[in-house]
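Enquirer: Generate coordinates for the sequence data below:
(2 chains)
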Amino acid sequence: MRLSQFHLNTYKESPSDAEVMSQKLMLRTGMIRKLSGGIYTWSPLGLRVLRKVEGIVREEMDRAGALEILMPAVAPKELWEETGRWDQFGAQLLKMTDRAGREFCFGPTHEEVVTDFARNELKSYKQLPKNFYQIQMKFRDEIRPRFGVMRGREFLMKDAYSFHLDEAGLVREYQNMFDTYSRIFTRLGLKFRAVQADTGAIGGSGSHEFHVMASSGEDALAYCEDSDFAANVEMAEAICADTRLAATQTMEKVSTPKQTTCSDVAALLGIDIKRTVKAVAVVRTDNKFALVLVRGDHTVNDIKLSKLSGMADFRLATEAEIRETMGCVPGFIGPVKSKLPIMVISDRTVAAMSDFVCGANEAKFHLQGVNFGRDLPEADLIADVRNVIDGDLSPDGKGVLSIARGIEVGHVFQLGQKYAQAMNATVLDDQQKAAVMYMGCYGIGVSRIVGAAIEQNFDERGMIWPAAIAPFYISVLPMNAHTSESVKVAAEALYQELSAAGFDVLLDDRNARAGVMFADQELVGIPHRVVVGEKGLDAGTVEYKGRRDAESKNIPRAEFVAWLKALRGA
RNA sequence: CGGAGCGUAGCGCAGCCUGGUAGCGCACCACCUUGGGGUGGUGGGGGUCGCGAGUUCAAAUCUCGCCGUUCCGACCA
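Expert: Coordinates of the predicted model:
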């Protein structure tokens, strides 16, 4: 591509509302332009990257035996009512009405549509298994779209759905997709990790998320260096290997006039924060109060808590509710001698503690030397309700956990019969009986991958694309082509030769100053560049520099294309 | 949904408090200049100051309403 024939429109400044680096850089380079909140136009530059990601995903899905289809983006209400999701999906579902007054939604995901397709197409077990996928724009009316294409309302997604006669078939395809996803992210050139994920309301027996590792990621992941254990912190089990020691102290009230947090209290008393217990007041589904106890340095895991009986819709208590129910201001509440009998849910770690410190249920005081059984009854419920932290024991017993951040770019699910059952999607089995099919679903956020790739690969000058998804593989920058005919001719010849050799080349024929060409090439993140200058030509060389390299190197002009091929191969 | 901020040229911003001819930088156009890290200069084009009402002789500026947009979301004791 000749830059003079392309459309490149870079900015020196990024819009003030851009928050994350990928968003800033995508807007500065003009890869995307915002039309409305969470809705973007992909420019020629941006679309090149998006299409490359899409291409790799498509190739690997095809290779795995999945069959591409294209479903409508708009689906009728009736289909969504079959599964109950018309109402269940909530405000995220963009609904619309046609001229006849019939209601539709813009698909945020396609289980209903594909299951309808499958129940009409698949009549015999002999047609199974099948895996249908599509790559298509989805729309989810996010409460707070942000981070550019990382959490847009409209986004490009690859969604696949597999159909099986039995669970064993589903498990096989699930593994096939898991392996396929690993190949896809490896080919994309991204550092990623597959983690066990919460199956949420969808249920089913298995689910993994694929995350691109980046410090700006929204999800925390727990993984073990010594084994293959990896899970979203949302669901990683917190192990407590400790057993409770006998009490050695007597319970005593201590003055903590301003210390409302565990770390402040620990600092005041000169003790390890691990000897403190914090109490979180929550309101249960039945509107009754409960007190959740976790160690001072731990945090409550909302998802784990919500899975406990009666806690499905729990919420944190308001300050007013705490005052009313506990008779104490927040900051000093605790499980000992509360005003009313309140259900106490203790994390396993807390249950194994002795001689600990907690709020005294009296403003400006805490208690120390507190022990279960003696100073307060054993908790009503002991459960894993905390988030794992760095250094915790791995649930598989093979080492300790580390925590890292990631961006969820893929999710594989064993759906089981949930949708097939609701929509009566059956095939005849070899006994000539109708059998409800088993389903799996497998998603990849194609447009999100573009953002995630930038979050993982940038520096102060701009983006740094993995070669597989770079908008261009190499740029040819002629120095002073406006005055030097020999440079102009040589650059053109090199451009032709590289193109013929199959490279995706960008020739900067704008007659711009060197600084402008360098700045744009680096901002756009083209992984390789070759500078053609008069001095070099006299010596028979061109100047090569990789986007991450500190120094450029001179390569004999005659050997350059072969040299670059070798570099690509390596 | 609740709270807060913002809305002035394509982008980044000033002006608003204290009402009186709408500005700056980048980008864009023309000419000159420069030519290996976003040259320097001269001259230009482009804005119903988010929309609507009100106050006033006069509103970007003050008041009210609406719309859009961005951020934060309780107190994890």
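Enquirer: wait, does the helix or strand hosting A:D264 make contact with RNA strand B?
Expert: Element membership of A:D264 [criterion: DSSP states H and E] is helix A:262-269. Yes: using CB under 7 Å from any atom of the strand, helix A:262-269 comes into contact with RNA strand B via A:C262, A:V265. Where you see a C-beta, it was placed from the backbone N, CA and C, and this is true even at glycine.
Enquirer: Now the element after that helix, going C-ward?
Expert: As assigned by DSSP H and E, the chain's next helix or strand after helix A:262-269 is strand A:277-283.
Enquirer: So what are the sheet partners of that following strand and their directions?
Expert: strand A:289-295 (antiparallel), strand A:315-316 (antiparallel) (DSSP bridges).
Enquirer: Out of those strands, indicate the one that is most buried.
Expert: Stretch with highest mean neighbour count among the strands paired with strand A:277-283: strand A:289-295 (a mean of 23; mean count of other CB atoms under 10 Å).
Enquirer: Give me the below-cutoff pLDDT ranges for chain A.
Expert: A:199-205, A:338-340, A:570 (pLDDT under 70).
Enquirer: got the contact list for the residue of it found nearest RNA strand B?
Expert: For chain A, the residue closest to RNA strand B is A:G533, as judged by CB to the nearest atom of the strand, at 1.6 Å. Listed by CB atoms under 8 Å, 6 or more residues apart in numbering, the contact partners of A:G533 are A:P478, A:M479, A:N480, A:V487, A:E543.
Enquirer: Closest one to A:G169 out of these, please.
Expert: Closest approach to A:G169 among the contacts of A:G533 (CB to CB): A:E543, at 56.8 Å.
Enquirer: Neighbours of the closest one, how many?
Expert: 17 (other CB atoms under 10 Å).
Enquirer: In what element of secondary structure is it found?
Expert: Using DSSP H and E, A:E543 sits in strand A:541-546.
Enquirer: How about A:I303?
Expert: Short version, using DSSP H and E: A:I303 is in helix A:302-306.
Enquirer: Just the residues contacting that helix, thanks.
Expert: Counting by CB under 8 Å, 6+ apart, residues outside helix A:302-306 touching it are A:198, A:234-235, A:282, A:292, A:311-314, A:345, A:383-386.
Enquirer: can you list these in CSV and add secondary structure?
Expert: Below are the contacts of helix A:302-306 laid out as CSV (DSSP: H, G, I helix; E, B strand; the rest coil):
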residue, secondary structure
A:D198, coil
A:E234, coil
A:M235, coil
A:V282, strand
A:V292, strand
A:M311, coil
A:A312, coil
A:D313, coil
A:F314, coil
A:I345, strand
A:A383, strand
A:D384, coil
A:V385, coil
A:R386, strand
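Enquirer: Any quick PyMOL command for the buried ones out of those residues?
Expert: Remark: buried members of these, expressed as a PyMOL selection using 16 or more other CB atoms under 10 Å:
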select buried, chain A and resi 234+235+282+292+311+314+345+383+384+385+386
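Enquirer: Make CSV from the contacts of helix A:302-306 and add distance to RNA strand B to it.
Expert: Listed next are the contacts of helix A:302-306 as CSV, based on distance: CB to the nearest atom of the strand, whole Å:
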residue, distance to RNA strand B
A:D198, 16
A:E234, 13
A:M235, 16
A:V282, 7
A:V292, 8
A:M311, 14
A:A312, 16
A:D313, 12
A:F314, 10
A:I345, 12
A:A383, 15
A:D384, 14
A:V385, 9
A:R386, 9
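Enquirer: Just list the residues touching A:R510, thanks.
Expert: Residues counted as contacts of A:R510 (CB under 8 Å, 6+ apart) are A:L3, A:S4, A:V516, A:M517.
Enquirer: Could you rerun that using 6 Å?
Expert: Shown in contact with A:R510 (CB atoms under 6 Å, 6 or more residues apart in numbering): A:L3, A:S4.
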